[in-house]
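Engineer: A structural model of the following input is requested.
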Amino acid sequence: MLEKVKEDNCKFYCYSGELIKEINICSISVKYIGLEENKMDWGGKFYVPLQYIQYNDDNSILIQSFPEFKDFIFDFINKFLDDLFSKNTFDYMYKYLSDKLKESFNIIPNPDWYENFSVGYGINGKSELNLSKKQDSTVMFNEKTEYEVIEKYTGMDKNTRGIYYGTLIDDKIVSVASWNNYHIYTDYPDTVNVVEIGSGTHEDYRNKGYAVSNVVSMAEWILDYGFYAVYNTSSRNIGSQKTAKSAGFSEIRRWKMYVFKQEEI
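Structural biologist: As a prediction, the model looks like this:
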């Protein structure tokens, strides 16, 4: 399954870039993707000069950055092999990028993203799913629904496309697990081997097992459909991490988008 996830990442990030270098340092495999200069600017507000993904199984790495940072990245990997797979890696890279971008472009870290990184979970098959966590209140929905959806916390609305699973309480959908089917419907048709699950629960209905039940049901449907299921969350969101683990998912990757912004004058 993880090989499919790696392939999915590489296709996604190579969509507008080019894999220009692949090296092996000791036991670590590194793939580097050169990022086009004009992709750095997100509408004049945010800048993403580097993305960094670490895979748990074999200590392999996928990096996307601007060419000017390429030499630094490979030098860093050579010098800090023993500490690559720790939070210190993210911190060290942030300091380097912060100094360079501040000096050259007056660009500073975005504080909302500074300490945060993403954690990705995956599952190989239904045998790993915790099917005992499924509850009777979990219902499958297909396209539009007549029920009220609490949009603020679930991230869904009545016009959400595709199959998803939700907890129905008093004719309200209070917790949802859905799949990000933009992979199929938009620009990346070749990445449908791996499907990401997203979940959300209204704050008044948390800690009742609804999210786990919905995630298990959504993952079961995805696996039955012939895809691999992944679940991504923030390093800050301990509750979401517990949901993934309780559903039967295991951590497979960590990654960070280095997000910066123009300093206000």
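Engineer: break down the protein into its helices, ranges please.
Structural biologist: Using DSSP state H, the helices of the chain run over residues 2-13, 70-79, 87-105, 151-154, 182-185, 210-225, 238-247.
Engineer: out of the ones you listed, flag the one nearest Ser137.
Structural biologist: In terms of C-beta to C-beta, the element of the helices of the chain nearest to Ser137 is helix 210-225, at 6.9 Å. In this view, the C-beta of every residue, glycine as well, is placed from N, C-alpha and C.
Engineer: just want the angle from the closest one to helix 238-247.
Structural biologist: 50 degrees (axes from the mean of the first three to the mean of the last three C-alpha atoms, to 10 degrees).
Engineer: give me every residue that touches Ser199.
Structural biologist: 175-178, 211, 214-215, 218, 231, 240, 243 (C-beta atoms under 8 Å, 6 or more residues apart in numbering).
Engineer: mind running it again at 7 Å?
Structural biologist: Listed by C-beta atoms under 7 Å, 6 or more residues apart in numbering, the contact set of Ser199 reads 176-177, 211, 214-215, 243.
Engineer: what's across from the nearest residue to Phe74 once chain neighbours are set aside in the sheet?
Structural biologist: Once flanking residues are discounted, Phe74 sits nearest to Ile23: 7.0 Å by C-beta to C-beta, 6 or more residues apart in numbering. On the basis of DSSP bridges, Ile23 is bridged to Val30.
Engineer: unless I'm mixing things up, Ile23 is touching Val30, no?
Structural biologist: Yes: if you go by C-beta atoms under 7 Å, Ile23 and Val30 touch, sitting 5.2 Å apart.
Engineer: and these two? which has more neighbours close in?
Structural biologist: Neighbour count, other C-beta atoms under 10 Å: between Ile23 and Val30, Val30 has more, with 18 against 13.
Engineer: check the more buried one and give its pLDDT.
Structural biologist: What the model reports for Val30 is a pLDDT of 80.
Engineer: over to Thr191?
Structural biologist: 50.
Engineer: show me the shaky parts of the chain.
Structural biologist: Applying pLDDT under 70 to the chain flags residues 14-20, 25-27, 35-46, 81-88, 113, 143-144, 148-161, 180-192, 263-265.
Engineer: picking that back up, can I get the contacts of Ser199 in CSV with distance to Ser118 and neighbour count?
Structural biologist: Shown next, in CSV, are the contacts of Ser199 (distance: C-beta to C-beta, whole Å; neighbours: other C-beta atoms under 10 Å):
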residue, distance to Ser118, neighbour count
Val176, 20, 28
Ala177, 18, 30
Ala211, 18, 26
Asn214, 21, 33
Val215, 17, 33
Thr243, 15, 27
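Engineer: longest strand of the protein, counting residues only.
Structural biologist: strand 250-262 (DSSP state E).
Engineer: how far off helix 2-13 does that strand point, in degrees?
Structural biologist: 20 degrees.
Engineer: ok, strand 250-262: who's next to it in the sheet?
Structural biologist: strand 46-55 (antiparallel), strand 107-109 (antiparallel), strand 118-123 (antiparallel).
Engineer: using CSV, write out every CA atom in that strand.
Structural biologist: Taking Å, rounded to 0.1, in the frame of the first residue of the first chain, the C-alpha atoms of strand 250-262 are listed here in CSV:
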residue,chain,number,x,y,z
SER,A,250,-1.2,3.0,11.0
GLU,A,251,1.1,6.0,10.5
ILE,A,252,2.9,5.9,7.2
ARG,A,253,4.3,9.4,6.5
ARG,A,254,4.9,12.9,7.9
TRP,A,255,5.3,16.0,5.8
LYS,A,256,5.5,19.7,6.0
MET,A,257,4.6,22.6,3.7
TYR,A,258,7.0,25.4,4.5
VAL,A,259,4.5,28.3,4.3
PHE,A,260,5.8,31.9,4.3
LYS,A,261,4.3,35.3,3.7
GLN,A,262,5.4,38.8,2.7
